[in-house]
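Asker: Predicted model and sequence below, questions to follow.
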Amino acid sequence: RMACSVALRLKGSTTRTSLTPQLSTRFSENMNEYDVIFVGYPVWVYTMPMALYSFFERFPFPGKTIVPFSTHMGSGLADGPEQIARLCPQAGVLDGIAIRGNLVAESQESVEHWLRQSGVTDFSRT
C-alpha cells in the first residue's frame, strides 16, 4: 500500500519525462524491419511502466502498427493505448487485450481469439 501511495504522489507531482529511465537493453537501431509491433506490459499505477515511455520516445514507429497487450489486477489496459498514441502520433495503435493477472494461466482461448480478430497476424492454432 505504501509503495502505491508513493507512486500515486509521484505521478501527480512529477512530470513523466523526469521519471523515464534510460534504457539499459540494446535494441536494433533498424526497427524499420517490422510492420507490426506487439508491446506487452504490466499495468503499474494505472499506466504502463516508465521504461515503455522511454522506449516509445526512442522509437516512435512512424507508419507502423502497434498492438498493445497487458496484464493487470483491475485496470485493464489503463491509459497505455492513449499514451502510446500520444508518443507515436504517426503510428497506428490497434485495440489491445488486457488479461487479469490471476487469470493469465486460463487466458489462452481469449488471446487466440484476440489474435484472430486483430487481423495483423496469420495466427493459427497448431
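Answerer: Everything's here; your move.
Asker: can you list the weak-confidence ranges in this structure?
Answerer: The chain contains residues with pLDDT under 70 at 1-18, 123-126.
Asker: What segments of it are strands?
Answerer: 36-42, 65-72, 92-93, 97-100 (DSSP state E).
Asker: so of the ones you listed, which one's packed in deepest?
Answerer: Mean neighbour count (mean count of other C-beta atoms under 10 Å) peaks for strand 65-72 among the strands of the chain, with a mean of 20. C-beta: built from backbone N, CA, C; applies to glycine.
Asker: picking that back up, of the strands of the chain, give the one that comes closest to E109.
Answerer: Among those, the nearest to E109 by C-beta to C-beta is strand 97-100 (11.3 Å).
Asker: Could you verify my assumption that Y34 touches I66?
Answerer: No. Assessed by C-beta atoms under 8 Å, Y34 is found out of contact with I66, at 10.1 Å.
Asker: what residues are up against K64?
Answerer: K64 is in contact with 31, 34-37, 88, 91-92, counting by C-beta atoms under 8 Å, 6 or more residues apart in numbering.
Asker: follow-up on the earlier one: just put the strands of the chain in JSON lines and tack on distance to H113.
Answerer: Below are these laid out as JSON lines (distance: least, C-beta to C-beta, whole Å):
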{"stretch": "strand 36-42", "distance to H113": "16"}
{"stretch": "strand 65-72", "distance to H113": "13"}
{"stretch": "strand 92-93", "distance to H113": "20"}
{"stretch": "strand 97-100", "distance to H113": "9"}
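Asker: Not counting sequence-adjacent ones, nearest residue to S107?
Answerer: I99 (4.7 Å; C-beta to C-beta, 6 or more residues apart in numbering).
Asker: Helices of the protein, residue ranges please.
Answerer: All helices of the chain, identified by DSSP state H, fall at 2-13, 16-19, 50-58, 80-87, 108-118.
Asker: how far off strand 36-42 does the third one point, in degrees?
Answerer: Angle between the axes of helix 50-58 and strand 36-42 is 160 degrees (criterion: axes from the mean of the first three to the mean of the last three C-alpha atoms, to 10 degrees).
Asker: can you list contacts of helix 50-58?
Answerer: Residues outside helix 50-58 that contact it (C-beta under 8 Å, 6+ apart) are 16, 19-23, 27, 39, 41, 80, 83-84, 87-88.
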